[in-house]
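S.K.: missing the sequence, but the structure's below:
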């Protein structure tokens with residue numbers, strides 16, 4: 001119980017620190033923005049604490065199957081940190097901010113080719129956008145997209161090397177997939193495979209679809225104002241993190257489906273061997 005409580009407190013503190021990072025680092029944070037960030041930190045921290053301190057899960061998936069959520073959080077925190085450092089360099093340049101800006105600029109140049117996600121993000125900007133805003137968006141998009149790809153690669157490597165999610169000797173579907181109902185109808189393996197494939201397809205398409213949808217919506221609604229550092233940080237973070245998270249979820253569900261299918265086959269072979277012995 002003490003271990004679960006301390007783990008819940010630590011996770012809640014890390015979530016609060018990650019969300020508040022841009023507001024704490026950027027000196028130009030408006031008071032209204034700081035208040036909104038504080039409210040979001042309270043809600044996110046309480047939710048994380050309650051979720052991980054409870055013995056019965058509610059929403060967070062793969063809670064007891066590390067490193068799924070750890071890789072996702074590390075990728076999200078790394079993206080927010082990198083974009084925050086770059087934003088800080090616009091008014092308080094240091095060696096660290098210049099280093100991140102140089103890395104992000106090189107990545108943006110390498111990933112900004114026709115029909116690439118980075119190019120589409122730049123194209124969603126209004127025609128009157130100045131050169132500095134375009135460059136900031138390019139750098140943020142390239143850096144955040146690379147971090148999402150690295151997070152995805154780390155998860156795939158962990159999945160292969162650690163026999164995920166069965167590295168601890170068991171996998172509880174109810175605990176790790178609380179939103180998935182095995183009794184809803186149909187074969188569990190087929191449903192997991194279908195959901196996993198849908199998540200992977202959506203994760204692959206979203207980096208291309210989101211800029212197009214934003215561009216279309218800007219003709220009807222007010223376009224997103226990426227001149228604000230906080231808006232730029234969280235928009236680019238969401239643009240890169242959500243698709244990568246969906247792909248990771250899809251891979252995880254396909255892995256669980258494969259594990260259940262193997263257990264079924266093993267149980268069938270054992271039952272057949274026992275029948276053969278009885279005969």
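M.R.: Good, I have the coordinates. None of these values were measured; they are calculated from a predicted model. Numbers count the residues shown, from 1 in each chain.

S.K.: Which residue comes closest to residue 171 once chain neighbours are left out?
M.R.: Closest residue in space to residue 171, ignoring its immediate chain neighbours: residue 165 at 5.0 Å, by CB to CB, 6 or more residues apart in numbering. Glycine gets a C-beta too; all of them are placed from N, C-alpha and C.

S.K.: burial count for the one you found?
M.R.: By the criterion of other CB atoms under 10 Å, residue 165 has 20 neighbours.

S.K.: Kindly report the same for residue 43.
M.R.: With other CB under 10 Å as criterion, residue 43 counts 11.

S.K.: what's the answer for residue 88, then?
M.R.: Neighbour count of residue 88, defined by other CB under 10 Å: 20.

S.K.: Roughly how far does it sit from residue 25?
M.R.: From residue 88 over to residue 25 the distance is 6 Å, taken as CB to CB, to the nearest Å.

S.K.: From what I see, residue 26 and residue 90 are in contact.
M.R.: No - in this structure residue 26 lies outside contact range of residue 90 using CB atoms under 8 Å: 9.4 Å.

S.K.: More neighbours: which of these two?
M.R.: A side-by-side neighbour count of residue 26 and residue 90, using other CB under 10 Å, places residue 26 first with 18 against 14.

S.K.: The more buried one and residue 5: what is the separation?
M.R.: Distance of residue 26 to residue 5, given as CB to CB: 33 Å.

S.K.: What part of the chain, helix or strand, is modelled with the least confidence?
M.R.: Least confident element among the helices and strands of the chain, by mean pLDDT, DSSP states H and E: helix 173-176 (a mean of 79).

S.K.: Can you get me the centre-to-centre distance for it and its chain?
M.R.: Helix 173-176 has its C-alpha centroid displaced from the chain centroid by 20 Å (CA atoms, centre = their mean, to the nearest Å).

S.K.: next one: stretch 61-71
M.R.: So, by CA atoms, centre = their mean, the centroid of stretch 61-71 is 12 Å from its chain's centroid.

S.K.: Please report the separation between the first and final residues of that stretch.
M.R.: Stretch 61-71 stretches 13 Å from its first residue to its last (CA to CA, to the nearest Å).

S.K.: Please point out which parts of that stretch sit buried.
M.R.: 61-63, 65, 67-69, 71 (16 or more other CB atoms under 10 Å).

S.K.: Can you pull out the low-pLDDT segments for the chain?
M.R.: Filtered on pLDDT under 70, the chain yields the residue ranges 1, 57, 167-170, 218-224, 274-279.

S.K.: Please consider this matter closed, and thank you.
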